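**Student:** Take a look and give me a structure for this.
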Amino acid sequence: MRVISYGGGVQSTALLVLAAQRKIDFLTFLFANVGDESEHPATLAYVREIAAAYAGRHGIAMHELHRQRRDGSIETLWERLHEPRLRSIPIPIRMDNGAPGRRSCTSDFKIKVVAKWLKERGATPRNPAVVGVGISLDEIHRANKRRCEPYEQIDYPLLDLALRRDDCVQIITTAGLPVPPKSACFFCPFKTVAAWRHQRRYEPELFEKSVQLEAVLNEKRAMLGRDAAYLTRYGVPLDRAIQAIPERPEHLDSGCDSGWCGS
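**Tutor:** This next block holds a predicted model:
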């Protein structure tokens, strides 16, 4: 079994094009959706309206996966963050010193979701599935951070082909596809200040939801007797942080284009 962990961003969409061209040996793509109210709307639109259609035209199976509870209902990251009895925050919310806290969102809503799908279809430690991840040459340092489970063997097709992110953009545009937006939860604490500023200016509804989420999480922390934590590294609430930080050129890079979340 050979699958691509598809994130809906540039690197993993380049893998989709390469698979369509039969330049890599993968015909199954798995998109682990952490929740329609958690994923960026532009990413969901790209995956469902562009990538899935392209995959279908080229004989590639694309599956959208969700985390399921024992009763079969879908659990989303947004729901968990608003769980009344929440004691551990699953996203890497930042402490007063700016350092991100521990997170379980990637494991629970991406890695384990893909794992369940693979194991249900026969992947075992003795017969592992090959899971392709879209890490490009310019971010090779991320390759050894990918957690590897006993039932899977991680593969890096972009590294094997010595492709960089710019190469991935060229592959996508040459295939006649629009370049996908940066893939990440819209409230991810790994966002850069530029990305937050962009959200505040051009996606005010999402920014307001991020502000409200930060407030909800801090209400929960206060009830547990814990210090406040934030979605940025500046130690103040999001709306104040983005309003106060001087504008300067900064990349929007932050996300999980490769198919799993990165920092």
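**Student:** what about the residue sitting furthest away from the middle of the chain, which SS state?
**Tutor:** Relative to the centre of the chain, the most outlying C-alpha is that of residue 225, 30.5 Å out, by Cα atoms, centre = their mean. Secondary structure for residue 225, judged by DSSP: H, G, I helix; E, B strand; the rest coil, is coil.
**Student:** residues contacting it?
**Tutor:** Listed by Cβ atoms under 8 Å, 6 or more residues apart in numbering, residue 225 has no contact partners. To be clear about C-beta, it is placed using only N, CA and C from the backbone, and glycine gets the same treatment.
**Student:** residue ranges for the strands of the stretch 101-250 of the chain, please.
**Tutor:** For the stretch 101-250 of the chain, applying DSSP state E, counting those that start in this stretch gives strands covering 129-132, 152-155.
**Student:** ok, back up a step: could you check the pLDDT of the residue farthest from the centre of the chain?
**Tutor:** For residue 225, the model assigns a pLDDT of 91.
**Student:** Can you tell me how far it is from residue 87?
**Tutor:** Using Cβ to Cβ, to the nearest Å, residue 225 is found at 11 Å from residue 87.
**Student:** And residue 105, by the same measure?
**Tutor:** From residue 105 across to residue 87, the span is 15 Å (Cβ to Cβ).
**Student:** who has more neighbours, these two?
**Tutor:** Neighbour comparison, residue 105 and residue 87: the larger count goes to residue 105, with 19 against 10 (by other Cβ atoms under 10 Å).
**Student:** Could you verify my assumption that the more buried one touches residue 77?
**Tutor:** Yes - using Cβ atoms under 8 Å, residue 105 is in contact with residue 77, at 5.7 Å.
**Student:** what touches both of those two?
**Tutor:** Common neighbours of residue 105 and residue 77, counting by Cβ under 8 Å, 6+ apart, are 34, 90-91, 185.
**Student:** What number of residues are in the vicinity of residue 216?
**Tutor:** By the criterion of other Cβ under 10 Å, residue 216 has 13 neighbours.
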